[in-house]
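[1] Any chance you could fold what I've pasted below:
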Amino acid sequence: MTFCTFCGGKLPEILGAFCPHCGGRLVGQAPVIHQPVIQQSVYIPQYPPMPVGPRKAPKSKKLAIWLAVFFGPWAYLVIFKARKVQFIALMAGSFLLALPVTIQALSISLTAYTYDYTPDPFAVYAIYGTPMGILTLIMNLAVRGYVIWDLARLPKSFYEEYEE
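    Residues are numbered from 1 along each chain as shown. Presented below is the predicted three-dimensional model:
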């Protein structure tokens with residue numbers, strides 16, 4: 001019994017020019033071997049398909065809280081789509097709360113130069129600036145506390161599954 005040198009298939013007793021199984025050319029080739037060719041399978045690992053597009057890094061709950069500690073409402077930019085309303089409201093509120101302090105500081109400096117004398121800047125600041133500064137500090141800490149609380153109460157899975 002003879003076998004094809006290309007596919008290892010059994011060849012008929014009367015040889016033609018081509019193998020009836022694979023179509024390999026038999027004429028002019030090396031002599032036909034009398035043992036079947038053992039084909040070894042090659043292991044090809046199968047990997048899951050790679051996602052198309054840019055790779056998105058998962059959001060971190062710790063990062064969002066640390067940003068809230070240092071930057072207040074700006075930490076909402078980490079999850080802007082989910083907290084758009086809070087971000088805009090807190091930024092507008094912070095601006096409106098800082099407005100009286102800014103107006104007070106401008107009025108103190110303008111008042112000092114409308115008269116012929118220059119008042120002591122420390123005395124003016126002590127009278128007007130300290131209470132306004134304390135009020136601004138309390139409001140800033142309240143806003144930061146709210147942002148930290150709001151970001152900390154969200155589950156960790158929210159940050160991991162968040163998509164921009």
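[2] Please name the nearest non-neighbouring residue to Pro73.
    In space, and not counting its chain neighbours, Pro73 is closest to Leu90: 3.9 Å by CB to CB, 6 or more residues apart in numbering. To be clear about C-beta, it is placed using only N, CA and C from the backbone, and glycine gets the same treatment.
[3] where's that neighbour relative to Glu160, distance?
    According to CB to CB, to the nearest Å, Leu90 and Glu160 sit 25 Å apart.
[4] Show the contacting residues for the spatially closest residue to Ile79 that is not a sequence neighbour.
    By the measure of CB to CB, 6+ apart, the closest residue to Ile79 outside its immediate chain neighbours is Tyr162, 5.7 Å from it. Tyr162 is in contact with 58-59, 79, 81-82, counting by CB atoms under 8 Å, 6 or more residues apart in numbering.
[5] Ala68 and Val147 touch, don't they?
    Yes: Ala68 is in contact with Val147 according to CB atoms under 8 Å; the separation is 4.3 Å.
[6] which regions of this structure lie under the pLDDT threshold?
    For the chain, the stretches flagged by pLDDT under 70 are 1, 13-16, 27-41, 43-45, 50-57, 105-130, 164.
[7] show me where it has helices.
    Secondary structure of the chain by DSSP state H: the helices cover 61-71, 84-114, 121-124, 130-152, 156-161.
[8] Now distance to Ala17 too, for these, in JSON lines please.
    Written out in JSON lines, the entries for the helices of the chain read as follows (distance: least, CB to CB, whole Å):
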{"stretch": "helix 61-71", "distance to Ala17": "72"}
{"stretch": "helix 84-114", "distance to Ala17": "76"}
{"stretch": "helix 121-124", "distance to Ala17": "109"}
{"stretch": "helix 130-152", "distance to Ala17": "78"}
{"stretch": "helix 156-161", "distance to Ala17": "64"}
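[9] Same list, those helices, but as CSV with mean neighbour count please.
    Compiled in CSV, these are given as follows (neighbours: other CB atoms under 10 Å):
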stretch, mean neighbour count
helix 61-71, 16
helix 84-114, 13
helix 121-124, 11
helix 130-152, 14
helix 156-161, 13
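[10] Having no further points to raise, I will conclude here.
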